[in-house]
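Can you look at this prediction? I've put the sequence above it.
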Amino acid sequence: MARISSFVFLVVEMCCWWLINGNKVLLISMDGFRWDYINQVDTPNFDALAGKGTRAEYINGTFVTKTFPSHYTMATGLYEESHGIIANSMYDPLFDDYFNKRSKQTKWWDGGEPMWVTVRKQGLKSAVLFWPGNESEIRGMRPNIYSAYNHTMPFQTRVDTAIRWLSNDIDLAMLYFDEPDSTGHLFGPNSSQVRAKVKEMDDVLGYIVKQFDQANLWETVNVIVTSDHGMTEVDYATRHVDLSEHIDMNAIDKIPSTGPTANILPKANMDDAIIRNLTNVPHVQVYRKEDVPEHWHYRNHRRILPILVVADEGWVVLKGPEEYSEPDRGAHGYDNTLMSMKPIFYARGPNIKAGYETLPFNNVDIYPLICELLCIRQAPNNGTLANTENFIVNVDQETCAADTSGSSSALFSLPVVILCLLIKQELQVL
Ligand code: AMP
Ligand code: ZN
Ligand code: ZN
């Protein structure tokens, strides 16, 4: 009798494993890694990754092409107007409060469900190193492991940390590197310093691959290497549009940030005058919020203020002469359809087609892609799994319940999942 019951137990466990265990995922972001940087220097490790996995020539980021908005789009699969992180620095009229890169209060981040929360809700484990939002409690949850942002942590230490996580019980690991963005800002995207930094990031990738080989992780972990946006040349001293030369600055209540774009909150009844004075100013486009081009998906959130000014590529919108002295030679934030704003995409692993080049897709598609690789259900999002499934292999989409409607395979019903998770937990205790 005991032998029969343990046999039944084993069969149930195997079925459960088959039902609810996808492979693991490591999502890596190298900030500001423009799609064509790999053509400027030798990048043997990126080339090798492409050979053993899938690459897109570039992907399409969201507008605005800034770090916090773009990373939160990747994490949630939502457009910026949907998740609410619409700038690195923003003002919320309802909260009457400002957000910046150090803001961790839940109220700013709760507009979306990041994948590290989706993972936990379904009984898997997530660990996140420095991805924007990882330090906040979102929809009642945090990643199983997260840490305060520390840009001085050596890149090798970051990799070692992720390898340790994935060698243990973490199912989704997310890793953030602040380069080549920082060097791109300082010296511009066409500088020798950026070329050197790209080689350094290629070495970091080589180190990741070596550690994966040694820890024998390639059979169970899918790795994605991507970025949030690109970079273009700027010169704040000579290529700026100074708002104070065109409008009465007393007509403006708030401008939370300037640069490639600026959100403007006008004082009462001053909208028309501001729009009139900025229309036809060279090197900028001015939009009423409701007229922002549809394809930017950048209208429907209260943090997008009534007037949006977008500079032409390479130009910046400034409040006055005090901002001319910004020394940066590179910037991003511009129209996401500009080639200079496009990020890289590489993937390799047990569920990724080898030696394959896919067509460009959108960074909102990364969230459903990762849910599929992990075999978990997606929260509602703006991405499309069909845009990436051409390079997914060996995943049974029926059982993974990939669609958000919850109407997939009857096998994958909630009671079955709960039963499986309970049995799994029991087995871990034994
Ligand atoms: P930006 O180029 O202004 O869009 O933002 C890039 C910068 O954001 C990086 O150089 C980091 O200093 C900063 N950053 C990135 N991730 C985080 C984080 N999780 N917390 C705080 N700051 C971050
Ligand atoms: Zn960035
Ligand atoms: Zn940047």
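Structure's in. What do you need? It should be emphasised that the depicted structure is a prediction, and the values quoted were computed from it without experimental measurement. Ligands and ions are numbered 1, 2, ... in the order given.

Can you give me the neighbour number for the residue of the stretch 251-400 of the chain at minimum distance from ligand 2?
For the stretch 251-400 of the chain and ligand 2, the shortest gap (Cβ to the ion) falls at H332, measuring 6.6 Å. Quick note: C-beta positions are derived from backbone N, CA and C, even for glycine. For H332, the number of neighbouring residues by other Cβ atoms under 10 Å comes to 30.

just the one 3 residues further on next, same as before
Burial measure for D335: 20 neighbouring residues, criterion other Cβ under 10 Å.

which residues touch it?
Shown in contact with D335 (Cβ atoms under 8 Å, 6 or more residues apart in numbering): 63, 65, 296, 310, 313, 341.

Which pair of these spans the longest distance?
Greatest spatial distance in the contacts of D335: W296 and E313, 15.1 Å, computed using Cβ to Cβ.

Of the two, give the one with the bigger neighbour count.
In this comparison of W296 against E313, neighbours counted by other Cβ under 10 Å, the higher total goes to W296 at 20 against 16.

Look up how far F68 lies from the more buried one.
Relative to F68, W296 is positioned 17 Å away (criterion: Cβ to Cβ, to the nearest Å).

is it possible to export the contacts of D335 to a markdown table including secondary structure?
Shown next, in a markdown table, are the contacts of D335 (DSSP: H, G, I helix; E, B strand; the rest coil):
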| residue | secondary structure |
| --- | --- |
| F63 | coil |
| T65 | coil |
| W296 | helix |
| V310 | strand |
| E313 | coil |
| M341 | helix |
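
circling back: just to check, the residue of the stretch 251-400 of the chain closest to ligand 2 is in contact with T65?
Yes - with contact defined as Cβ atoms under 8 Å, H332 reaches T65; the gap is 4.9 Å.

where do the contact lists of those two overlap?
Jointly contacting H332 and T65 under the rule Cβ under 8 Å, 6+ apart are 229-230, 260, 341.

which among the residues you listed end up buried?
A residue is treated as buried here by neighbour count (16 or more other Cβ atoms under 10 Å); on that basis the buried members of the shared contacts of H332 and T65 are 229-230, 260, 341.

Could you identify the most distant pair in these?
For these, the maximum inter-member distance is 11.7 Å, found between G230 and P260 (Cβ to Cβ).

Select the longest helix from this protein.
Under DSSP state H, the helix in the chain containing the largest number of residues is helix 192-215.

Contacts (any at all) between ligand 1 and that helix?
No - with Cβ under 6 Å from any ligand atom as the criterion, ligand 1 is not reached by helix 192-215; the gap is at least 12.6 Å.

residue of the stretch 51-200 of the chain with the smallest distance to ligand 2?
Per Cβ to the ion, T67 is where the stretch 51-200 of the chain lies closest to ligand 2, at 3.1 Å.

hey, what's in contact with both of G230 and P260?
Listed contacts common to G230 and P260 are 65, 332; contacts here mean Cβ under 8 Å, 6+ apart.

Residue numbers of the stretch 251-400 of the chain in contact with ligand 1?
With Cβ under 6 Å from any ligand atom as the criterion, the stretch 251-400 of the chain does not meet ligand 1 at any residue.

try it again with 8 Å
Residues of the stretch 251-400 of the chain found near ligand 1, taking Cβ under 8 Å from any ligand atom as the criterion, are 332-333.

Could you find the closest non-adjacent residue to G230?
Counting by Cβ to Cβ, 6 or more residues apart in numbering, G230 lies nearest to R34, which is 3.5 Å off, once chain neighbours are set aside.

and if you look at N381?
Once flanking residues are discounted, N381 sits nearest to G77: 3.0 Å by Cβ to Cβ, 6+ apart.

what separates Y207 from ligand 1, distance-wise?
Plainly put, Y207 is 21 Å away from ligand 1 if you go by Cβ to the nearest ligand atom, to the nearest Å.

same deal with D110?
Summarising the geometry, the distance separating D110 from ligand 1, computed by Cβ to the nearest ligand atom, is 17 Å.

What does the pLDDT read for Q425?
Reading off the per-residue confidence, Q425 sits at a pLDDT of 50.

So L166: helix, strand or coil?
Under the three-state scheme (three-state DSSP), the conformation of L166 reads as helix.

Need the buried ones among the shared contacts of H332 and T65 in JSON lines (columns: pLDDT).
Output for the buried ones among the shared contacts of H332 and T65, formatted as JSON lines (pLDDT from 0 to 100):
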{"residue": "H229", "pLDDT": "98"}
{"residue": "G230", "pLDDT": "98"}
{"residue": "P260", "pLDDT": "98"}
{"residue": "M341", "pLDDT": "98"}
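
Looking at those residues, which one is closest to Y324?
P260 (15.6 Å).

Am I right that F99 is in contact with S89?
Yes - counting by Cβ under 8 Å, a contact exists between F99 and S89, whose distance comes to 6.7 Å.

still on that earlier bit, neighbours of the residue nearest to N381, just the number please.
When counting by other Cβ under 10 Å, one arrives at 32 neighbours for G77.

So it sits against N387, correct?
No - under the criterion of Cβ under 8 Å, G77 lies out of contact with N387, with a separation of 11.4 Å.

shared neighbours of those two, anything?
Shared contacts of G77 and N387, defined by Cβ under 8 Å, 6+ apart, are found at D365.

Taking the stretch 251-400 of the chain, what residue is nearest to ligand 1?
Of all residues in the stretch 251-400 of the chain, H332 sits closest to ligand 1, at 6.8 Å by Cβ to the nearest ligand atom.

and this structure, what are its domains?
The chain breaks down into these structural domains: 2-233+337-410, 240-327 (assignment by automatic domain parsing).

what's the most buried one of those domains?
Between these, domain 2-233+337-410 has the highest mean count of neighbours, a mean of 19, where neighbours are mean count of other Cβ atoms under 10 Å.

from the middle of its chain, how far away would it be?
Between the centre of domain 2-233+337-410 and the centre of its chain there are 6 Å (Cα atoms, centre = their mean, to the nearest Å).

Regarding the residue nearest to D181 when sequence neighbours are not counted, what is its secondary structure?
Leaving aside its chain neighbours, D181 sits nearest to G32 (2.9 Å; criterion: Cβ to Cβ, 6+ apart). For G32, the reduced secondary structure class is coil; criterion used: three-state DSSP.

do A127 as well
Assigned with three-state DSSP, A127 falls in the strand class.

residues touching it, list them.
Contacts for A127 (Cβ under 8 Å, 6+ apart) come out as 116, 143-146, 162, 165, 170, 172-174.

hey, what's it bridged with?
Residues in a beta bridge with A127, per DSSP bridges, are I145, A173.

Go back to the buried ones among the shared contacts of H332 and T65 and keep what's next to ligand 2.
Restricting the buried ones among the shared contacts of H332 and T65 to those near ligand 2 by Cβ under 5 Å from the ion leaves nothing, as none qualifies.
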